[in-house]
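# what follows is a predicted structure for the sequence shown.
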Amino acid sequence: MKIQQILASKGMNVITVHPEQPAREAISLLVEYHIGALVVVDSDKRPVGILSERDIVRRAAEDEAFFSEPVANLMTRQLITGIRQDDTFSVAATMTEKRFRHLPIMDEGKLIGIVSIGDILKAERNQYRGEIDTLETRIMAGEA
Amino acid sequence: MLQVGTESNPLRVAVIGAGPTGFYTAEHLFRQKDFVVEVDMFERLPSPYGLVRYGVAPDHQKIKSVTKVYDRTAKKPGFRFFGNVELGKHIQVADLRCYYHQIVYTTGAQTDRRLGIPGEDLAGSLPATEFVAWYNGHPDYRDYEVDLSVEAAAVVGVGNVAMDVARILSRTPEELAVTDITDYALEALSQSQIKDVYILGRRGPAQAKFSTPEIKELGAMADADCCVLAEEAELDALSQAALADGSDRATMKKIEIIQSYAGRESSGKSRKLTLRFLVSPVELIGDEHGRVVKMRLVKNELYKTESGTLRPRATDQFEEIPVGLVFRSVGYRGKALPGVPFYDSWGVILNEGGRVVDPETKKPVLGEYTGGWIKRGPSGVIGTNKPDALETVKHMLADLAEGKTLDPAEPAAEAVEKFVCDRQPDSFSYDDWLRLKEMEVANGEAQGRPRVKFTSVAEMKAALGK
């Protein structure tokens, strides 16, 4: 399965934040949209980093007054991105191995979406459920 | 508006497309207990089941038994079928809005992706989907012509459809005669001169999309040998590394079977199926009559994307193979429906968990939903559409609970029936279909086949005395 197949049902809306915005605003966005990470983009809408719940927790443990700090101070700059042609299984393996949970997806230099490990889990679960269902149907049909 | 989803005011749903996802959508809607629901299913063809009838290969009958589940859904009170009724032709989205609270598009992925190479439009270069529709008796392709007098054919792609096409081209008439393949296709295939069938994968054995049973099947054909080039059966370093932890048993099993075909000597069978890996066609070359005679291939190598996918990249090594037929099977895409937002570059209806989204405004469209391949693109097996349809239905019911439905002017079931009869006097009900199905099975029984299909709308009408 390709990443594009997950993105098609996500409506193509990516919630982004700018590096100079305060962490407080980023947290509000995470809560408002029920998501776990924001892609940090510059004024040309190019991704420059990612801000995940984990980044926020890490900074919160260091400094209780982090709320007013700019996103740039908290975000992960080493950004791993994907393309819509990526295989979901390979992406899942890379996420597990490199311990990240959100993958911004780029297409011809533009940010077109973000896929979380939860999205991949759901897609894989549906695929397995579907395969089980189809196999069961075949078995029930016997040799007919 | 009166409370929708009650005995006196049932939720009226139009499902567009009677393939697996259409039926799973109806099934999920009937299964829930919170609301009273009526489902009208519209289908362009007189017969339901979509790809199960017109896509699944005739030598894979067991898969087709899933239609029993669909027939059970069709028996539910509140279900109606309007066959031979086409959206955009007999009924418009604006009409549906007058009769239904919710509309669900489950029209699948009906067209093929193109290769985008020179020579693709030469005679003898065809989409695999059309060939499949032809041998399976799709009424639109009854008069399709495919020249099987050539000696070699290539199937581009290594998905399920590619495997089906390669298998059907390689089967003996005796093997096909016991299936529900159409008589005209059986006749044409019996005269086939094809000796060599190539299946071309752009990546390696570890990335091939076909399933283990499918690759195993290729090695057990009555009169065709299956072989793989020894050097292409070997895994490259990147694929080896990806499988190194040994957890992906299914892929390892698949590779084991592929490697067992490597360097196999011909056992004297009449046909040869050659599975090629790490090659992509770059040009189809024609003769003076504009017919394909050769295919130019480039050797690929794999590279790893940032997120870990192994993708093909062309090298500077080329080769040519003589082929008179080329079937492209490199992906499928949906067709835009008149009056429905469509995301053309991906060939899907853009959506949020099944709620149709306008690609311009990126906002959900009230009362319109989608499911299956037109929703996410072609992936998985038939059953994958069941959880997919469930996601859509959950959102439909959540919207209903919040009162977010269309407000149809004429929600009575009889009103739409009258409208459809006016626009399409030749519509088919589910009872019509079940009668046709009975006749098909009876005709098949006489010949020791699962069924003999009706292959035109005129035949179907005549059989019912319409």
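Good, I have the coordinates. Numbering: from 1, shown residues only, chains lettered A, B, ... in the order given.

# the worst-scoring helix or strand of chain A on mean pLDDT: how far from the chain's middle?
Taking mean pLDDT, DSSP states H and E as the measure, chain A has helix A:117-140 as its least confident helix or strand, at a mean of 89. In this view, helix A:117-140 has its centroid 22 Å away from the chain centroid, taken as CA atoms, centre = their mean, to the nearest Å.

# over to stretch B:281-292?
The answer for stretch B:281-292 is 28 Å, by CA atoms, centre = their mean.

# and the residue of the stretch 1-150 of chain B found nearest chain A, how many neighbours?
Residue nearest to chain A within the stretch 1-150 of chain B (CB to the nearest CB): residue B:65, separated by 3.5 Å. C-beta here means a position set from N, CA and C on the backbone, and glycine is covered the same way. Using other CB atoms under 10 Å in any protein chain shown, residue B:65 has 17 other residues around it.

# tell me who's in contact with it.
The contact partners of residue B:65, taken as CB atoms under 8 Å, 6 or more residues apart in numbering or on different chains, are A:137, A:138, A:140, A:141, A:144.

# those residues: which ones sit near chain B?
Contacts with chain B within the contacts of residue B:65, counted by CB under 8 Å from any CB of the partner chain: A:137, A:138, A:140, A:141, A:144.

# check the gap between residue B:245 and chain A for me.
Per CB to the nearest CB, to the nearest Å, residue B:245 is found 9 Å from chain A.

# element containing that residue?
Using DSSP states H and E, residue B:245 falls within no helix or strand.

# up against chain B, what does chain A have?
Within chain A, the positions near chain B by CB under 8 Å from any CB are A:1-2, A:4-6, A:8-13, A:80-83, A:85-87, A:90-91, A:93-94, A:97, A:103, A:125-127, A:129-134, A:137-138, A:140-141, A:144.

# and the buried ones among those residues, selectable in ChimeraX?
Selection of buried members from the residues of chain A next to chain B for ChimeraX, criterion 16 or more other CB atoms under 10 Å in any protein chain shown:
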select /A:1,2,4,5,6,8,9,10,11,12,80,81,82,83,86,87,90,91,93,94,103,126,127,129,130,131,133,134,137,138
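
# on that earlier part again, what helices or strands is the least confident helix or strand of chain A leaning on?
Using 3 or more CB pairs under 8 Å, 6 or more residues apart in numbering or on different chains; DSSP states H and E, the elements in contact with helix A:117-140 are helix A:3-7, helix A:88-98, helix B:61-64, helix B:385-401.

# the helix or strand just after the second one - contacts with which helices or strands?
Think helix A:88-98. Counting by DSSP H and E, the next helix or strand C-terminal to helix A:88-98 is strand A:102-107. Packed against strand A:102-107 by the contact rule (3+ CB pairs under 8 Å, 6+ apart) you find helix A:3-7, strand A:47-52, strand A:82-83, strand A:110-116.

# enumerate the residues of the stretch 251-400 of chain B near chain A.
Residues of the stretch 251-400 of chain B lying near chain A (CB under 8 Å from any CB): B:305-311, B:343, B:346, B:348, B:350-354, B:357, B:359, B:362, B:364, B:375-377, B:379-388, B:391.
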